[in-house]
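> Turn this into a model:
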Amino acid sequence: MDIRPYRAGDESDIAALIVPIQQGEFGIPISYEDQPDLRDIPGFYLMGAGQFWVAVEGDAIVGSIALKDIGGGAGALRKMFVAPSHRGVPHRAAVRLLAVLLAHAKEVGLTSLYLGTTAKFLAAHRFYEKSGFSQITPDELPPTFPRMAVDTRFYFLSL
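Sure thing, here's the model as predicted:
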């Protein structure tokens with residue numbers, strides 16, 4: 001499995017990874033059309049310190065993670081999804097994706113990361129907490145944080 005930056009043309013494979021997880025595993029009534037950031041990855045993520053990465057096995061995208069520069073030395077971690085086939089050992093796709101994002105964030109001088117998730121993503125909560133993120137209240141989010149309507153749980157990491 002390799003991790004690389006997003007390339008033009010990845011959009012349909014990224015959507016094919018993310019949307020079924022959102023809808024099928026977690027029952028979130030969201031479509032590709034409801035996610036303008038997925039329809040315009042360069043315009044939403046590839047600005048400032050932002051970036052979007054994919055984990056690739058052969059020709060298949062099996063994971064994703066994005067960093068949105070929200071200003072003031074802060075970033076928002078978004079779109080972290082891993083195909084069921086690549087979760088846990090031996091692939092460790094989530095750990096590897098997060099490591100790439102953290103290394104990039106530090107390299108470009110970000111000092112803090114924020115993320116939002118739903119109450120349903122229990123495994124994600126454990127993963128973020130084991131990775132050093134602390135749960136915060138919505139009031140502690142910076143005003144520039146791109147909050148999604150389905151987000152009900154928020155985390156912070158100082159870099």
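
> only C-alpha atoms for contact and neighbour calcs from this point on.
Noted.

> what residues does the biggest helix by length in the chain touch?
Secondary structure of the chain per DSSP state H: the longest helix is helix 93-107. With C-alpha atoms under 8 Å, 6 or more residues apart in numbering as the test, helix 93-107 has contacts from 3, 49, 53-55, 63-67, 75, 80-82, 86-88, 111, 159.

> Now it: buried residues?
Ala93, Ala94, Arg96, Leu97, Leu98, Leu101, Leu102, His104, Ala105 (16 or more other C-alpha atoms under 10 Å).

> just stretch 43-62 next, same as before
44-46, 49-56, 61-62.

> give me every residue that touches Leu38.
Leu38 sits in contact with Glu11, Ile14, Ala15, Tyr32, where contact means C-alpha under 8 Å, 6+ apart.

> possible to save the buried residues of helix 93-107 as JSON lines with pLDDT and distance to Asp151?
Output for those, formatted as JSON lines (pLDDT from 0 to 100; distance: C-alpha to C-alpha, whole Å):
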{"residue": "Ala93", "pLDDT": "96", "distance to Asp151": "23"}
{"residue": "Ala94", "pLDDT": "96", "distance to Asp151": "20"}
{"residue": "Arg96", "pLDDT": "97", "distance to Asp151": "24"}
{"residue": "Leu97", "pLDDT": "98", "distance to Asp151": "21"}
{"residue": "Leu98", "pLDDT": "98", "distance to Asp151": "19"}
{"residue": "Leu101", "pLDDT": "98", "distance to Asp151": "21"}
{"residue": "Leu102", "pLDDT": "98", "distance to Asp151": "22"}
{"residue": "His104", "pLDDT": "98", "distance to Asp151": "25"}
{"residue": "Ala105", "pLDDT": "98", "distance to Asp151": "22"}
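
> circling back to that earlier point, now list the buried members of the contacts of helix 93-107.
The neighbour count (16+ other C-alpha under 10 Å) marks 3, 49, 53-55, 63-67, 75, 80-82, 86-87 as buried among those.

> Where strands are concerned, which of these count?
Using DSSP state E, the members of those that fall in strands are 3, 53-55, 63-67, 75, 80-82.

> which residues sit in contact with the closest residue in space to Gly48 that isn't next to it in sequence?
Spatially, and ignoring its direct neighbours in sequence, Gly48 is nearest to Asp69 (6.0 Å; C-alpha to C-alpha, 6 or more residues apart in numbering). Contacts for Asp69 were tallied using C-alpha under 8 Å, 6+ apart; they are Tyr45, Met47, Gly48, Ala49, Gly50, Gly75, Ala76.
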